[in-house]
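In: Here's a sequence, model it:
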Amino acid sequence: EYSKQEWLAKKAQLDLPFPNLPYLIDPQHDARLSQTDAIMRHLARTRDAALLGTTPAQQAAVDVMLGVVGDFRRSITRIAYNADFAALKPNHIATITAAPHGHLVQFNAYLAGHGGPYACGDFLSIADFQLYEMLDQQQIMEPGIYDEKFAAIKAYLATMKALPAIAAYHADPATPTQI
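Out: Numbering: from 1, shown residues only. Just a heads-up that it's a prediction; the model follows:
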């Protein structure tokens, strides 16, 4: 665990093109990466390319979902790292739950009607891991946020949480459950 000062000192020594968190140094593939999307794509290409989609239509769906999740991530980080988090949180919750354009409203409608248990349909993709992470962080930030009107999000979260690696993560007592 790093303090900000320790991280800044370490960051300069990493020999990464754009040092940041997260980062991955993969000597097997001569890759030094930062940025979540780049790391996710690299891991998929080197371990299971099907996670990127196997057809152009699936790959396009993954790309679109990654973009939408990125927008959602920015809406969360904009307040999460702000000293006025407590004051900003109610407006954030109101915005993401407002019909018809709130992120949660859109995710719920999409997940309810797109024909599969995963973010892009009937196949697991890298977009699932990012969408799951952000939806999970949102419910840590606001427990019960999905209870009332987001049944498709709840079902999606249950599907993802049942994956063995994610289930193991949540079984770990060190996993955060609230902010």
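
In: Where does T54 fall, secondary structure wise?
Out: T54 is part of no helix or strand when elements are defined by DSSP states H and E.

In: and the residue lying closest to it once chain neighbours are set aside, what does it touch?
Out: Closest residue to T54 apart from its sequence neighbours, by CB to CB, 6 or more residues apart in numbering: F123 at 7.5 Å. Bear in mind the C-beta positions are built from the backbone N, C-alpha and C, glycine included. By CB atoms under 8 Å, 6 or more residues apart in numbering, F123 lies in contact with 50, 53-54, 58, 116.

In: Put the alpha carbons of stretch 73-89 into PDB.
Out: Taking Å, rounded to 0.1, in the frame of the first residue of the first chain, the C-alpha atoms of stretch 73-89 are listed here in PDB:
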ATOM      1  CA  ARG A  73     -16.600   5.700 -14.500                       C
ATOM      2  CA  ARG A  74     -15.900   9.400 -15.000                       C
ATOM      3  CA  SER A  75     -19.200  10.400 -13.400                       C
ATOM      4  CA  ILE A  76     -18.200   8.400 -10.300                       C
ATOM      5  CA  THR A  77     -14.600   9.500 -10.100                       C
ATOM      6  CA  ARG A  78     -15.500  13.200 -10.600                       C
ATOM      7  CA  ILE A  79     -17.100  13.100  -7.200                       C
ATOM      8  CA  ALA A  80     -15.300  10.200  -5.500                       C
ATOM      9  CA  TYR A  81     -12.000  12.100  -5.400                       C
ATOM     10  CA  ASN A  82     -13.500  15.400  -4.600                       C
ATOM     11  CA  ALA A  83     -13.200  16.800  -1.100                       C
ATOM     12  CA  ASP A  84     -16.900  17.700  -1.300                       C
ATOM     13  CA  PHE A  85     -17.900  14.100  -1.900                       C
ATOM     14  CA  ALA A  86     -20.700  14.100   0.600                       C
ATOM     15  CA  ALA A  87     -22.300  17.300  -0.800                       C
ATOM     16  CA  LEU A  88     -21.900  16.100  -4.400                       C
ATOM     17  CA  LYS A  89     -23.200  12.500  -3.900                       C
END
